[in-house]
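*Asks:* sequence first, then the predicted structure:
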Amino acid sequence: MISIKNTKDKILELKNITKVFPGVKAVDDVSFEVNAGEVHALVGENGAGKSTLMKVMAGIHIPEKGNIIYNGEKVKFKNPLDAKKKGIILIHQELSLVPKMTVAENILLGSLPNKKGGRIDWKELHKKAEEAIEKLGCQFKPKDLVEDLTIAHQQMVEIARAISYDAKVVIFDEPTASLTQEEVEVLYKNIELLKEQGLGIIYISHKLNEIFEVSDKITVLRDGKLVDTLDTDKTDEPEITKKMIGRDIEDFFDSKKITEYGEEVIRVENLSRKDEFQNINFNIKKGEVLGLYGLLGAGRTEIAETIFGINKPDSGKIYFKGQEANINNSKKAVKLGIGLVPESRKEQGLVLGMSTLDNISLAKIPYAHNYGFIKNAEVKAIFNKYRDRLSISTTGPKQKVMNLSGGNQQKIVIGKWLCLNPDLIILDEPTRGIDVGSKAEIHNLIAELAETGMAVLVISSEIPEILAVSHRIITMHQGDQTDVFTDEEVTEEKLIKSITSHAKTEEMCKV
Ligand SMILES: Nc1ncnc2c1ncn2[C@@H]1O[C@H](COP(=O)(O)OP(=O)(O)OP(=O)(O)O)[C@@H](O)[C@H]1O
Ligand SMILES: [Mg+2]
């Protein structure tokens, strides 16, 4: 085990790393280093190579070229365990816990304490887990099942796991994608704690405000290549953005077009589901984008799932195109003309082992076959259309979705639903994990969909996004609908007030 001498010691260096996948040089001659007691941010557009570079660091990918220097010595990581033994811990973009196991089991997975004779020492297990949880000041218990925790709490389990491994370097890949603002603050505190203990932290995010808040240094990647490494206090957001995408970008304010709305597509009356949401009322017309704004846990996703037939309401009514609709399963929702781009693409949106082409045309396949034979040409045409429209970067239709970058996976889910041309499309956090350039593209796409006469429901926890895309915004807090704002009257201040003035102060983690 190494001891870290002083806070600016280099812990780990990657030198001239190249990692190639079939058809793509994901990382091309990149050098990168982590110092003790420092947060080094890594930024770049979707597919720039950030996750790949970190997977090289964590022993998941073996690079074709380049060296890894650990504490001054050249090392080779043959597998993730090699890297873990040196204290390099990667907290993945999509969390990697075992849902059916307890918090304690997950924290100590791979290093379960044994009694003599090889049996697991449960007492020791819970004690060690308790220690790790306590360090982070979290309220869940070692015996809680991971599947019962919120995503934020699941992430803390991953951090606790890192701590219990005696980590030297912790890599956070998009850690805040599913966290509320309060939870983000807790994460920052935890990062500060790790930093004080002399660990090296790597922080990947598409949210530049976070990068500027949390990091000491920033490295920019573009198309697999190193663009620059800068001190955070000597640069600013416009400079970093420009380095990332090679051009200035327009703000995404007001991508929506002023339109004449058509007939009502959906109306929801007094919709309620116990412990999730109460007395929700809204309608959306053809050509209209309704924004649903609130914090994580406000009940927004639950409403979307109820409209899409995943869950049944306890009371209230849904009218679809003028008729009362009893949507008791998703198949029925799709048949009626409803599409849902879910919040968690990994669980609900994609078949990861299938190709990009198959995923994008998944929803459409029943309509594209000819006496039982799938019309390949038609499916291919669909693929090409949506790849271009959404600027999906893939090596080709056969590339497996699990090998796409996180942001490109999200675009595939959107493409899949657009294929069906639904009357109502629900987009739940549509730009989660999507880079700034593509965000603007998705906002424009939402405007275009509305223009073609679709009714659109957008759920987002990002104020600039909800303001940019919505004609009307309803706000929610802890299951209650709090306000409705038209585009003319809404302001950022009003939105914040609307979701917080009703707030009960409820701390989820002692800080
Ligand atoms: N296992 C793999 N097999 C084949 N190609 C891969 C694999 N992993 C990544 N790629 C490709 O390598 C490139 C870089 O992907 P990577 O996941 O590193 O991007 P990223 O910068 O993390 O993007 P994002 O912000 O979207 O998460 C992409 O073109 C991606 O499709
Ligand atoms: Mg990534």
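*Replies:* It's in. Fair warning: this is a prediction, and the values are worked out from it, not measured in the lab. Ligands and ions are numbered 1, 2, ... in the order given.

*Asks:* interface residues of the chain facing ligand 2?
*Replies:* Residues of the chain lying close to ligand 2 (CB under 5 Å from the ion) are 51, 406. Every C-beta, even on glycine, is put in place using the N, C-alpha and C of the backbone.

*Asks:* do that again at 8 Å, thanks
*Replies:* Residues of the chain lying close to ligand 2 by CB under 8 Å from the ion are 46, 50-52, 93, 173-174, 204, 405-407, 433.

*Asks:* shaky segments in the stretch 151-300 of the chain?
*Replies:* 178, 247-259 (pLDDT under 70).

*Asks:* which stretches of it form strands?
*Replies:* 169-173, 200-204, 217-222, 225-231, 264-273, 277-285, 289-293 (DSSP state E, counting those that start in this stretch).

*Asks:* helix, strand or coil for Ser31?
*Replies:* Following DSSP: H, G, I helix; E, B strand; the rest coil, Ser31 is assigned to strand.

*Asks:* mind starting the numbering at 849 from now?
*Replies:* New numbering, starting at 849: the last item is Ser879.

*Asks:* what's opposite the nearest residue to it once chain neighbours are set aside in the beta bridge?
*Replies:* Counting by CB to CB, 6 or more residues apart in numbering, Ser879 lies nearest to Lys863, which is 5.2 Å off, once chain neighbours are set aside. Counting by DSSP bridges, Lys863 forms beta bridges with Asn915.

*Asks:* still on that earlier bit, turn the strands of the stretch 999-1148 of the chain into a markdown table, including mean neighbour count.
*Replies:* As requested, the strands of the stretch 999-1148 of the chain are arranged in a markdown table below (neighbours: other CB atoms under 10 Å):
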| stretch | mean neighbour count |
| --- | --- |
| strand 1017-1021 | 26 |
| strand 1048-1052 | 25 |
| strand 1065-1070 | 23 |
| strand 1073-1079 | 16 |
| strand 1112-1121 | 19 |
| strand 1125-1133 | 19 |
| strand 1137-1141 | 26 |
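
*Asks:* how about those, which one is nearest Val868?
*Replies:* Minimum separation from Val868 across those (CB to CB) falls at strand 1073-1079, 13.3 Å.

*Asks:* for that closest one, packing partners?
*Replies:* strand 872-883, strand 1065-1070, helix 1085-1093 (3 or more CB pairs under 8 Å, 6 or more residues apart in numbering; DSSP states H and E).

*Asks:* ok, back up a step: and Asp876, which of the strands of the stretch 999-1148 of the chain is closest to it?
*Replies:* Closest among those, once you apply CB to CB, is strand 1073-1079, at 4.9 Å.

*Asks:* got the angle between that closest one and strand 1065-1070?
*Replies:* For strand 1073-1079 against strand 1065-1070, the angle by axes from the mean of the first three to the mean of the last three CA atoms, to 10 degrees is 160 degrees.

*Asks:* is ligand 1 contacted by strand 1073-1079?
*Replies:* No: for strand 1073-1079, no contact with ligand 1 is found by CB under 6 Å from any ligand atom; the gap never falls below 11.6 Å.

*Asks:* run the chain-centre distance for that strand.
*Replies:* 24 Å (CA atoms, centre = their mean, to the nearest Å).

*Asks:* for Ser1241, see how far away Asn1159 is.
*Replies:* 35 Å (CB to CB, to the nearest Å).

*Asks:* Gln1045 too?
*Replies:* Taking CB to CB, one finds Gln1045 at 38 Å from Ser1241.

*Asks:* Ile1050 too?
*Replies:* Counting by CB to CB - Ile1050 and Ser1241 are separated by 23 Å.

*Asks:* ditto for Glu972
*Replies:* 47 Å.

*Asks:* tell me which of these two has more neighbours.
*Replies:* Counted by other CB atoms under 10 Å, Glu972 and Ser1241 do not tie: Ser1241 has more neighbours, with 19 against 14.

*Asks:* list the contacts for the nearest residue to that one once chain neighbours are set aside?
*Replies:* Using CB to CB, 6+ apart and skipping the chain neighbours, the partner closest in space to Ser1241 is Gly895 (4.6 Å). Gly895 sits next to 1241, 1252-1253, 1255-1256 when contact means CB atoms under 8 Å, 6 or more residues apart in numbering.

*Asks:* can you check Glu1340 too?
*Replies:* Shown in contact with Glu1340 (CB under 8 Å, 6+ apart): 1311, 1315.

*Asks:* try it again with 10 Å
*Replies:* Contact analysis of Glu1340 by CB atoms under 10 Å, 6 or more residues apart in numbering lists 1311-1312, 1314-1315.

*Asks:* what's the answer for Lys1016, then?
*Replies:* Counted by CB under 10 Å, 6+ apart, Lys1016 has contacts 849-850, 852, 859-860, 882, 884, 918-919, 934-937, 1045-1048.

*Asks:* go with 6 Å
*Replies:* Applying CB atoms under 6 Å, 6 or more residues apart in numbering to Lys1016 gives the contacts 859, 935.

*Asks:* how about the one 4 residues further on?
*Replies:* Applying CB under 6 Å, 6+ apart to Phe1020 gives the contacts 939, 1051.

*Asks:* name whatever forms a beta bridge with it.
*Replies:* Ile939, Tyr1051.

*Asks:* surely the residue nearest to Ser879 touches Lys913?
*Replies:* No: using CB atoms under 6 Å, Lys863 is not in contact with Lys913, being 9.6 Å away.

*Asks:* kindly report the residues of the stretch 1099-1248 of the chain close to ligand 1.
*Replies:* So far as CB under 6 Å from any ligand atom goes, the stretch 1099-1248 of the chain lies against ligand 1 at Ser1241.

*Asks:* which part of the stretch 1099-1248 of the chain gets nearest to ligand 1, residue-wise?
*Replies:* Ser1241 (5.7 Å; CB to the nearest ligand atom).

*Asks:* that residue: what secondary structure?
*Replies:* coil.

*Asks:* likewise for Met1250?
*Replies:* Put simply, Met1250 is helix when judged by three-state DSSP.

*Asks:* for Ser1241, see how far away it is.
*Replies:* 15 Å.

*Asks:* then Leu1027?
*Replies:* Distance of Leu1027 to Ser1241, given as CB to CB: 27 Å.

*Asks:* cool, and Lys1180?
*Replies:* Taking CB to CB, one finds Lys1180 at 35 Å from Ser1241.

*Asks:* once you drop chain neighbours, what's closest to Thr866?
*Replies:* Nearest one to Thr866, counting by CB to CB, 6+ apart, is Lys913 at 4.0 Å.

*Asks:* all helices for the stretch 949-1098 of the chain, in order.
*Replies:* Using DSSP state H, counting those that start in this stretch, the helices assigned to the stretch 949-1098 of the chain run over residues 951-955, 970-984, 999-1012, 1029-1044, 1056-1062, 1085-1093.

*Asks:* between those helices, which one is nearest to ligand 1?
*Replies:* Across the helices of the stretch 949-1098 of the chain, the minimum distance to ligand 1, taken as CB to the nearest ligand atom, is reached by helix 1085-1093, at 10.4 Å.

*Asks:* which strand or helix spans whichever residue of the chain sits closest to ligand 2?
*Replies:* When scored by CB to the ion, the chain has Ser899 as its residue closest to ligand 2, at 3.2 Å. Applying DSSP states H and E as the criterion places Ser899 in helix 898-905.
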